[in-house]
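In: Coordinates for the following, if possible.
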Amino acid sequence: MRHSVVLKALALAAASAVGSWAVAAEATPTNTPRPAALDFDMQTLDGKDVNLAERYAGRVVLLVNVASKCGFTPQYAALEALNEKYAKQGLAVVGVPCNQFRDQEPGTAEEIAAFCRKNYGVEFDMLAKVEVNGPGACPLYKRLTATVTTPQPAGPITWNFEKFLLSRKGEVVARFAPSVAPDSPVIVSAIEQQLAEPEPKPSP
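Out: Residues are numbered from 1 along each chain as shown. Purely as a prediction, here's the structure:
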């Protein structure tokens, strides 16, 4: 009899423990906060390591996958004009060379840099050449292409010169098709709207 009572007590205690764990597990958030869209380590075009979230902290970022032999390549001029006009207000234009679209960016880092300087006077930041689609896509673009955006939806990069606009908080706020020129009213308006936002205060 005594043995039966002890067994029952142990069973109740075990059930209670399992029930308590189940409640605790259910209460624990399953979606841990994702880092800012730019929280990735990459390399600059000249081979230096850079953490994008640190480099562009508090800045509005226009991120563009670029190529030197594309019909949209002249957009470099408008991108540099945006850089010259808005950099002091907090805009960072960032070019990301990619050779995935009909091999339109075949050059070395040195050749890409020379082409951009000679033909378009590019002074804005350029990152090292990466893949932006498929299994070999760099982590940054895996994150960007999975993000729901407007007016361009989430999904693979469609071509060279697709544009992502990020807020001062590092959040993706818009995505624009390659055919939308950098100096188009819709992009300029979106940039100015983000620049008008105050810089986020650093965490204590």
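
In: C-alpha only now, for contacts and for neighbours.
Out: OK.

In: show me where this structure has helices.
Out: For the chain, applying DSSP state H gives helices covering 2-27, 52-55, 75-86, 109-120, 139-146, 185-195.

In: Let me know the angle separating the last one from helix 75-86.
Out: Regarding helix 185-195 and helix 75-86, their directions subtend 30 degrees when assessed with axes from the mean of the first three to the mean of the last three C-alpha atoms, to 10 degrees.

In: looking just at contacts, which helices and strands does helix 185-195 meet?
Out: strand 60-66 (3 or more C-alpha pairs under 8 Å, 6 or more residues apart in numbering; DSSP states H and E).

In: Which strands and helices lie in contact with the strand it packs on?
Out: Packing contacts for strand 60-66, counted by 3+ C-alpha pairs under 8 Å, 6+ apart, involve strand 91-97, strand 163-166, helix 185-195.

In: Figure out which of those is closest to L140.
Out: Of all the helices and strands packed on strand 60-66, strand 91-97 sits nearest to L140, with 10.7 Å by C-alpha to C-alpha.

In: Quick one: distance of that closest one to the chain centre.
Out: Mean C-alpha position of strand 91-97 versus that of the full chain (C-alpha atoms, centre = their mean, to the nearest Å) differs by 11 Å.

In: What strands line up against it, and which way round?
Out: Strand pairing for strand 91-97, using DSSP bridges, gives strand 60-66 (parallel), strand 125-126 (parallel).

In: what angle separates that strand from helix 109-120?
Out: Here strand 91-97 points in a direction 130 degrees away from that of helix 109-120 (the same axes, to 10 degrees).

In: ok, residues contacting strand 91-97?
Out: Strand 91-97 is contacted by residues 56, 59-67, 79-80, 82-83, 105, 124-130, 191, 195 when judged by C-alpha atoms under 8 Å, 6 or more residues apart in numbering.

In: Sort out which of those are buried, if you could.
Out: Applying a neighbour-count criterion of 16 or more other C-alpha atoms under 10 Å, the buried members of the contacts of strand 91-97 are 56, 59-67, 79-80, 82-83, 105, 124, 126-130, 191, 195.
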